[in-house]
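Asks: Sequence first, predicted model second:
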Amino acid sequence: KNIYPEKTLAVFVKPPSIEELKIRLKKRKTETPDKINMRVAKASIELATAPQFDFIIENNNLEVALEEAYHLVSNYIGVNVEK
């Protein structure tokens with residue numbers, strides 16, 4: 001982003017809350033409780049950087065977040081493709 005500011009789109013995908021992130025990670029059953037705690041702690045720090053991004057997508061609903069990401073990227077690269 002620093003080297004090519006006009007050619008870079010920075011999108012931050014944010015969970016609805018830290019608690020919801022923890023719930024989602026537990027439901028996946030792919031990580032140990034220690035790994036989940038590490039990811040949640042890291043997420044708290046990462047959330048503080050969100051305002052540095054061009055756009056923030058709040059992932060309340062996966063389908064809606066995917067659609068928003070699709071449109072952001074399509075508009076950025078100049079492709080008007082309807083799904």
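Replies: That came through, no problem. Residues are numbered from 1 along each chain as shown.
Asks: Would you point out which residue is most central in this protein?
Replies: Per Cα atoms, centre = their mean, the C-alpha nearest to the average position across the chain is that of residue 13, at 1.3 Å.
Asks: So that one is in contact with residue 60, correct?
Replies: No. Contact criterion Cβ atoms under 8 Å: residue 13 and residue 60 do not qualify, at 11.1 Å. C-beta coordinates here come from the backbone N, C-alpha and C atoms, glycine included.
Asks: and residue 25, how many neighbours?
Replies: 19 (other Cβ atoms under 10 Å).
Asks: and the helix or strand containing residue 25, what other elements does it pack with?
Replies: Residue 25 is part of helix 18-28 when elements are defined by DSSP states H and E. Secondary-structure packing of helix 18-28 (3 or more Cβ pairs under 8 Å, 6 or more residues apart in numbering; DSSP states H and E): helix 33-47.
Asks: just checking, next helix/strand downstream of the helix it packs on?
Replies: With DSSP H and E, the next secondary element past helix 33-47 is strand 55-58.
Asks: got the CA positions of that following strand in PDB?
Replies: Output of strand 55-58 as PDB, limited to C-alpha atoms (Å, rounded to 0.1, in the frame of the first residue of the first chain):
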ATOM      1  CA  PHE A  55     -12.800  -0.400   3.600                       C
ATOM      2  CA  ILE A  56     -14.100  -2.400   6.600                       C
ATOM      3  CA  ILE A  57     -16.500  -5.200   6.000                       C
ATOM      4  CA  GLU A  58     -18.300  -6.400   9.100                       C
END
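Asks: got the contact list for that strand?
Replies: 9-16, 50, 65, 68-69, 72 (Cβ atoms under 8 Å, 6 or more residues apart in numbering).
Asks: And for stretch 3-19?
Replies: For stretch 3-19, the external contacting residues (Cβ under 8 Å, 6+ apart) are 1, 21, 24, 40, 43-44, 47, 49-50, 52-60, 65, 69, 72-73, 76.
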